[in-house]
Each structure stands twice: as structure tokens, then as C-alpha cells.
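Q: Build me a structure from this.
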Amino acid sequence: MNLYKLSLSLLLVCSFAACKKELAIEPEQSLSDQVVFTTRAGAQAAVFGIYSTAQVLEVFGGLPLIIGDYQADNVQFVGSFPTLQEINQYTTLSTNVSIAPIWQDHYRVILRANSVIDRVPGITESGFTDAQKKGMVAEAKFMRALTYFQLVNLFAQPYNCSMGSNLGVPLVLKEFKAGEIDFPARSTVNEVHLQIKKDLEEALTDLPVTYPAAADTRGRATKGAARGLLSRLHLYRGEWTAAAARANEVITATPTYVLAANYAFYDANSAEDVFTIQMTTTDNSRTGAGGLASYHRPAAQGGRGDAPFSTDLVNAYLQEPGDRRLGISDSAVASDGPRRRFTLKYFDARTNADNTPVIRVTEMYLNRAEALAELNGINQISIDLMNLLRTRAGLTSWTMATFTTKQAFVDAILNERRKELAFEGHRRMDLLRKGKPLRSSGPTAALSVPCTGQKVILPIPQREIDINPSLKGQQNPGY
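A: Numbering: from 1, shown residues only. Next up, the predicted model:
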């Protein structure tokens, strides 16, 4: 089933960006009021339109995940895109044309979510129940929260740099209305995080545990997805008790979520998946630059071969012989000529139909283990959680005697997190939130220090500053 396809049939007729051009009538938002938000079917199409917009390369179609690994130490980026090499080398300019659409497309998702949140409760169609309306609003709130979380992680220093008092991104919480002009300033990281938490906690009440279709349970907002994202939010803020508790709510939600027995679950919509962005051969992230597999697969398989393993990541797997996670890779010719190692997590570079992993149950084991280690030091619960992952990876089990200090234990969990979640976009933020440089060696290592490393975060696109007077003087340092 093409999960998000219903949205396209309606949005092609009355896209918020295309209605005026196609139908030559009143402003775009007018049409959405009159047609989209008058029936249950129209409202459902608008909800699916949020997910569909999130599929694009610059949101959850791949590029932010790729940046999350190559701006850190998991990927040796060898691609020829100058604007992506700028990000890789920490020489980014505010006029970078790869960054501008990241900002714009995230806000496209947010604005579509805002329209659903604002408009759906007022639909009066007979048979469209309050419970159904609340469910749609809850899905929109989850997607708004998820999108804001990724956006603030890309464009703002993490919470731990100044306890969240530093500038984040503008909060836009109302739908766009024709004729109204608003110029929002940047909210603080704390304010953005508070809104994310509010959206997720409100959504929890009305989201379902599962949907009738398996692809919907994995590709639409659920209670498990909201709890998983809350766990990640609390983890990034160092709120260990809440992070551990929210993670455990997902871990114990069997049989909906179950740790996979092996590594055959990628793109399978399995119980390992808490939330994924669904892709098909006809409805995906594909643009001129492709999707995740386009970067992570070689030219011989339809990709670009731009994002192979870094030597540092290979060495991390080789620290212990027989790590099965290294087996989710192969050797191929990279875009710069030599043979390098590439991940097999994404394999369809020709049609870009690989789902984008956003939240997996494995992450919940890692979140809970780390949070409890930060709270209690070396502890048996964290040991047991990590041993489930290590056994799956073919490695020896840890015991309470394996570590002598709390810091060594926390660092070991972070290392396991790196190897489990490689190429899923976590590495950059995992290092930044722990106060660790993104790279430990090489000519760019000195530029990769958290908080003081100015270009470990992206610049506010210059175009946004030029057209929004409230952003004047709010550019990130170093740009």
C-alpha cells in the first residue's frame, strides 16, 4: 500500500503552493479552507500531505541524516557537491544553496501541520466524529514536534552548551492566512523543546497504539512513536529519569515493538520499527540528488558513492572481532576512485524506495541504558539491556566487573550506540550533546568542538535573514 498517496491526489488539485496557478482562483489558503477542510476525506488527505511533504530529501528523505553522520566521524564524505563539502569541512557560508531548502522544507511540513491543527476541529461534516478529528490533530502535532526537533538540532547549538538559553529556531504555530505577514524571531532552544514536549504529550492522549495496516503502524504517528521521541528529547536535555521511563514504555509495549533477532529488518516494517518515513518506487524522496541510497551506494548500483564508512568507524567495529554489524556493508568503488566500505542499510539507489528509519526500538534500549548509567553508574539493568544488543551483534556479554568507572561505562554505551545507529543520522548530535568533538583527528578536528565550534551547526539561510527583519542580528556566530 502506498501510505501517503491519498494526499497527492488531493494536493495536486489544491496544493497550498499550486492552487492559484492551476485553478486561477482565489489565494491558495482560501481553496484549502473551502475544499480541503470541509470533509473528513479532505482532512485525511491534508494529514497524509504532512507525511508526504516530510518525505523530501531535505527533511526526512535523507540529507539531514547524511549530514548527521558525515559532519561527525562516521562517514568520509567524498562527494563532489561543493555545498555539501562546505558542511563537511566546516567552511559553510550562509548562502549555501543546499542549506536553504532544508530550512524552507522543514517549515513547509510545519505549516501543513499547523493547518490541520487549526482547521480540522471546525469541520462539521455529519459522521466525522470528535475522536476522529482529535486523532488527526494528534498526528499533525507529532509531525510538527518531530520536524521542529530535527530543525533545532541542525540550526542551534545543543541544550548542554548553555542549558537551552541559546537561540533555537522561530516557532510558527499557526496556519498561514492569505494577506497576513508575520516575521517571527528565533525562540530559544528551551522554548522550542518545551513546544515539542507539549505537542507530544498532547498527542499521546489521542494517538492510537497501532493501525489496522502494518505500514500505517510503522509509518504514521502512534503512542509508541510519541513516547520514543519524548525519550530522545529528554536524553538530549540530560533529563535521565524521564528519558529512561519513556524508553521503557516503548520497550515494554510488546508485541507492537520487539527487538529484532538479527539485522534483516531494514525496510521491512517490522516490530523493530517504531516510526519510519515510508517510501515506495512511485512515492519517495527522489529529487535530482536522490535519497539515502543514492549517497550510500556506489555508481555500479545506481548511487553516487559519496558517503562511505570513515576509517574511524571501521576501526570502531574492528575493536572486537566478529561484530556482525560490520557485515551490513560491502566494498565498492567510491565516487573519488578508490574502493571503500559502504553500508547496506539502504540498497535501492535506482528508485529510492528505502524507508527512512526515524525511531527504532533498538534506540530505546540504548536510551534507557545510557540514562540509567548516568543516574546510577555501573548498574545491572543497563548491562542487561546492552547485552541483548551485544549478543545480537555476536559479541561477548558485559558484566558488572567489565568497567571500573561510570565514565568508562557511559562511553562504552555511546560507542555501542554509534555502531548500532550508524548511517541513521544520530552520530553528530550524540557527540555534541555529550560535549565531545565531532572528529578526534585530522585537519578539521579543532573546528569540530561542541559549543565553541561555530560551524558544527548550520547557518540561518541568508535569504531568510534578508526577508525577515526579526532575524536581523540573530545569525549563528561565525556566519
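Q: Mind checking what secondary structure the residue nearest to residue 214 when sequence neighbours are not counted has?
A: Distances taken as Cβ to Cβ, 6 or more residues apart in numbering put residue 269 closest to residue 214, at 5.3 Å, once the chain neighbours are dropped. For glycine as for every other residue, the C-beta is placed from the backbone atoms N, C-alpha and C. Each residue gets one of three states, and residue 269 gets coil by DSSP: H, G, I helix; E, B strand; the rest coil.
Q: now residue 331
A: Here residue 331 is recorded as strand under three-state DSSP.
Q: Dig out what it forms beta bridges with.
A: Residue 331 forms beta bridges with residue 341, as assigned by DSSP bridges.
Q: That one touches residue 340, doesn't it?
A: Yes - counting by Cβ atoms under 8 Å, residue 340 is a contact partner of residue 331 at 7.1 Å.
Q: Compare those two (neighbour count), which wins?
A: With neighbours defined as other Cβ atoms under 10 Å, residue 331 and residue 340 compare such that residue 340 has more, 22 against 12.
Q: In contact with that one, which residues?
A: By Cβ atoms under 8 Å, 6 or more residues apart in numbering, the contact list for residue 340 reads 76, 78, 305, 308, 309, 331, 332, 333, 334.
Q: looking at it, the first one is touching residue 305, isn't it?
A: Think residue 76. No - between residue 76 and residue 305 there is no contact under Cβ under 8 Å: 11.4 Å.
Q: which of these two has more neighbours?
A: residue 305 (24 against 21).
Q: Helix, strand, or coil at that one?
A: Following three-state DSSP, we place residue 305 in the coil state.
Q: which residues touch it?
A: When contacts are counted by Cβ under 8 Å, 6+ apart, residue 305 is found next to 78, 297, 298, 299, 332, 333, 334, 335, 340, 342.
Q: do residue 266 as well
A: Counting by Cβ under 8 Å, 6+ apart, residue 266 makes contact with 328, 344, 345, 346, 354, 357.
Q: Now stretch 151-162 - C-alpha only, PDB.
A: Only the C-alpha atoms of stretch 151-162 are listed here, as PDB (Å, rounded to 0.1, in the frame of the first residue of the first chain):
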ATOM      1  CA  LEU A 151      15.300  21.600  12.700                       C
ATOM      2  CA  VAL A 152      16.500  22.900  16.000                       C
ATOM      3  CA  ASN A 153      19.200  20.200  16.200                       C
ATOM      4  CA  LEU A 154      20.500  21.300  12.800                       C
ATOM      5  CA  PHE A 155      20.500  25.100  13.300                       C
ATOM      6  CA  ALA A 156      21.200  25.600  17.000                       C
ATOM      7  CA  GLN A 157      23.800  24.600  19.500                       C
ATOM      8  CA  PRO A 158      22.600  21.700  21.700                       C
ATOM      9  CA  TYR A 159      21.000  22.200  25.100                       C
ATOM     10  CA  ASN A 160      24.100  21.400  27.100                       C
ATOM     11  CA  CYS A 161      26.000  24.400  25.700                       C
ATOM     12  CA  SER A 162      24.000  27.000  27.700                       C
END
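Q: remind me, longest helix of this protein?
A: For the chain, the helix with the greatest residue count under DSSP state H is helix 130-155.
Q: other SSEs contacting that helix?
A: Counting contacts by 3 or more Cβ pairs under 8 Å, 6 or more residues apart in numbering; DSSP states H and E, helix 130-155 is packed against helix 40-54, helix 63-70, helix 99-119, helix 189-206, helix 223-236.
Q: Return the set of buried residues in it.
A: Buried positions in helix 130-155, judged by neighbour count with 16 or more other Cβ atoms under 10 Å: 132-155.
Q: Give me the mean pLDDT for that helix.
A: Averaging pLDDT along helix 130-155 yields 98.
Q: quick one: that helix to helix 223-236, angle?
A: Helix 130-155 runs at 30 degrees relative to helix 223-236, counting by axes from the mean of the first three to the mean of the last three Cα atoms, to 10 degrees.
Q: After helix 130-155, which helix or strand is next?
A: helix 159-162 (DSSP states H and E).
Q: List the contacts of that next one.
A: Residues outside helix 159-162 that contact it (Cβ under 8 Å, 6+ apart) are 189, 190, 193, 236, 237, 238, 432, 433, 434, 435, 450, 451.
Q: can you pull the pLDDT of the nearest residue to residue 192 once chain neighbours are set aside?
A: Closest residue to residue 192 apart from its sequence neighbours, by Cβ to Cβ, 6+ apart: residue 168 at 4.1 Å. Listed pLDDT for residue 168 reads 98.
Q: just checking, residue 168 touches residue 152?
A: Yes - between residue 168 and residue 152 there is a contact at 4.6 Å, judged by Cβ under 8 Å.
Q: Mutual contacts of those two, please.
A: Listed contacts common to residue 168 and residue 152 are 189, 192, 193; contacts here mean Cβ under 8 Å, 6+ apart.
Q: got any ranges where the stretch 1-150 of the chain has weak pLDDT?
A: Scanning the stretch 1-150 of the chain for pLDDT under 70 picks out 1-35.
Q: rerun at 90
A: Across the stretch 1-150 of the chain, the ranges flagged by pLDDT under 90 are 1-36.
Q: ditto for the stretch 301-450 of the chain
A: Along the stretch 301-450 of the chain, segments meeting pLDDT under 90 span 351.
Q: quick one, helices of it?
A: Using DSSP state H, counting those that start in this stretch, the helices of the stretch 301-450 of the chain run over residues 311-318, 361-376, 380-392, 406-421, 427-433.
Q: For the ones you listed, could you give me a markdown table that also reports distance to residue 53?
A: Putting the helices of the stretch 301-450 of the chain into a markdown table (distance: least, Cβ to Cβ, whole Å) gives the following:
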| stretch | distance to residue 53 |
| --- | --- |
| helix 311-318 | 32 |
| helix 361-376 | 24 |
| helix 380-392 | 34 |
| helix 406-421 | 25 |
| helix 427-433 | 23 |
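Q: Of the ones you listed, which is nearest residue 105?
A: helix 427-433 (19.2 Å; Cβ to Cβ).
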